[in-house]
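Participant: Output the structure for:
(one chain, ligands or ions: 2)
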Amino acid sequence: ATPTAVMVATGKGASQGVLIKGGNALEKAHKVNTVVFDKTGTLTVGRPVVVSAMLFPRFSMEELCDMTIAAEANSEHPLAKAVIEHAKKLRQKHGSPPEHVPDVVDFEVHAGAGVGGKVGDRMVLVGNKRLMRAFNVPIGPEIEDCISETEQLARTCVLVAIDGRVAGAFAVTDPVKPEAERVISYLHSMGISSIMVTGDNWATASAIAKQVGIHKVFAETDPLGKADKIKDLQMKGATVAMVGDGINDSPALVAADVGMAIGAGTDVAIEAADIVLIKNNLEDVITAIDLSRKTIHRIR
Ligand code: ADP
Ligand code: MG
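Facilitator: Ligands and ions are numbered 1, 2, ... in the order given. A predicted model of the protein is given here:
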């Protein structure tokens with residue numbers, strides 16, 4: 001496309017809340033035949049809420065809540081906010097005034113798995129089964145059942161381990177965006193295939209994919225794994241757009257032919273992307289591709 005055509009299209013995009021960073025992204029977007037979506041915060045609203053909590057034997061609700069709140073305090077993950085909010089409410093309900101809980105030390109983020117650290121003299125882990133496995137925390141049949149029941153309902157099960165034992169779990173739901181299903185089906189009608197890639201577990205991911213009409217899912221992938229999936233698709237000849245919102249999506253956003261970041265996403269994702277969807281609306285994935293198709297085809 002000529003510089004003038006690029007400028008016109010970029011301006012048009014901007015007026016519709018689609019920020020296109022330069023001519024290259026605009027040129028490439030018309031060739032996209034595969035769109036890869038992150039799940040949390042991209043296909044879902046990203047405002048997860050806890051719907052139930054489970055306490056396992058030998059632990060008290062107070063310690064479950066206190067340890068969870070302390071361990072998640074430094075996390076920027078939306079799941080952390082949901083879990084903290086719920087734990088605070090539970091803490092109030094359970095009468096005894098919150099004792100002074102020390103701040104977490106040696107805090108660590110385990111990308112795509114959860115967080116961990118020391119709270120006073122206790123070792124706390126908050127995250128998924130993969131995190132528990134990595135730290136050799138045993139998961140008995142009762143806990144296993146609790147996890148699979150939660151996941152089949154398209155909910156995420158956040159496990160809390162204290163000193164190497166699972167103390168409790170929170171079931172978290174994150175509703176899909178109202179336009180998600182419509183956008184996926186429109187993409188399909190344009191001859192563009194859709195894929196989900198997520199750090200979340202297979203059961204939850206598959207349940208969400210089904211809700212929005214995505215047939216192909218890659219779950220339990222870490223940030224570099226997400227980028228590898230993109231590269232695999234490209235090796236098979238696909239021109240790939242990646243849509244994501246998180247730090248964990250940035251390698252994939254860079255690897256993709258066209259990286260699209262959700263405007264409400266993290267700065268790192270916005271920086272890594274070629275196109276920013278300011279309105280946080282998935283319809284704008286189509287707006288961007290359409291704009292590119294029209295610009296390129298007008299030139300030729
Ligand atoms: P997605 O790819 O869906 O955006 P992430 O890669 O951010 O998900 O996280 C993958 C999984 O890791 C989450 O579904 C959750 O099980 C776990 N996880 C990550 N961070 C946290 C946290 N701060 N607290 C609890 N669980 C977490
Ligand atoms: Mg995300």
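Participant: Which strand or helix spans Met54?
Facilitator: Take DSSP states H and E as the rule and Met54 turns out to sit in strand 49-55.
Participant: Same question for Ala205.
Facilitator: Element membership for Ala205 (DSSP H and E) is helix 202-212.
Participant: counting contacts, what elements does that helix pack onto?
Facilitator: Counting contacts by 3 or more Cβ pairs under 8 Å, 6 or more residues apart in numbering; DSSP states H and E, helix 202-212 is packed against helix 141-152, helix 180-189, strand 193-197, strand 216-218. For the C-beta atoms, the positions are set from N, CA and C on the backbone; glycine is no exception.
Participant: can you tell which of these is closest to Leu277?
Facilitator: Nearest to Leu277, of all those, is helix 180-189, at 11.2 Å by Cβ to Cβ.
Participant: Tell me the buried residues in the closest one?
Facilitator: For helix 180-189, the buried set under the neighbour-count rule, 16 or more other Cβ atoms under 10 Å, comprises Ala180, Glu181, Val183, Ile184, Leu187.
Participant: if we can go back for a sec, how about the helix holding Ala205 and ligand 2, any contact?
Facilitator: No. Using Cβ under 5 Å from the ion, we find that helix 202-212 stays clear of ligand 2, coming within 11.9 Å at best.
Participant: That helix close to ligand 1?
Facilitator: No. Using Cβ under 6 Å from any ligand atom as the criterion, no contacts between helix 202-212 and ligand 1 are found, and the smallest distance is 7.2 Å.
Participant: and Val172, what is it in contact with?
Facilitator: Contact partners of Val172, counting by Cβ atoms under 8 Å, 6 or more residues apart in numbering, are Pro48, Val49, Val50, Val51, Leu79, Ala82, Val83, Arg155, Thr156, Cys157, Val158.
Participant: could those residues go into JSON lines alongside distance to ligand 1?
Facilitator: Converted to JSON lines, the contacts of Val172 look like this (distance: Cβ to the nearest ligand atom, whole Å):
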{"residue": "Pro48", "distance to ligand 1": "9"}
{"residue": "Val49", "distance to ligand 1": "14"}
{"residue": "Val50", "distance to ligand 1": "11"}
{"residue": "Val51", "distance to ligand 1": "15"}
{"residue": "Leu79", "distance to ligand 1": "4"}
{"residue": "Ala82", "distance to ligand 1": "9"}
{"residue": "Val83", "distance to ligand 1": "6"}
{"residue": "Arg155", "distance to ligand 1": "10"}
{"residue": "Thr156", "distance to ligand 1": "5"}
{"residue": "Cys157", "distance to ligand 1": "8"}
{"residue": "Val158", "distance to ligand 1": "5"}
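Participant: mind listing what the residue nearest the centre of the chain touches?
Facilitator: By Cα atoms, centre = their mean, the chain has its centre lying nearest to Thr40, at 2.9 Å. By Cβ under 8 Å, 6+ apart, the contact set of Thr40 is Gly46, Pro48, Pro78, Leu79, Asp174, Thr198, Gly199, Asp200, Asp245, Gly246.
Participant: mind checking the SS state of it?
Facilitator: Under DSSP: H, G, I helix; E, B strand; the rest coil, the three-state class of Thr40 is helix.
Participant: so Asp38 makes contact with Pro251?
Facilitator: No. Applying Cβ atoms under 8 Å, one finds Asp38 not in contact with Pro251, separated by 11.8 Å.
Participant: Neighbour count for these two, which is higher?
Facilitator: Just comparing Asp38 and Pro251: by other Cβ atoms under 10 Å the higher neighbour count belongs to Asp38, 28 against 21.
Participant: Buried subset of the contacts of Val172, written for PyMOL?
Facilitator: This is the PyMOL syntax for the buried subset of the contacts of Val172, where burial follows 16+ other Cβ under 10 Å:
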select buried, resi 48+50+79+82+83+155+156+157+158
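Participant: what does the stretch 201-300 of the chain have sitting close to ligand 1?
Facilitator: Taking Cβ under 6 Å from any ligand atom as the measure of proximity, the stretch 201-300 of the chain contacts ligand 1 at Gly246, Asn248.
Participant: What is the neighbour count of whatever residue of the stretch 201-300 of the chain ends up closest to ligand 1?
Facilitator: Of all residues in the stretch 201-300 of the chain, the one sitting closest to ligand 1 is Asn248 (4.4 Å; Cβ to the nearest ligand atom). By other Cβ under 10 Å, 24 other residues sit near Asn248.
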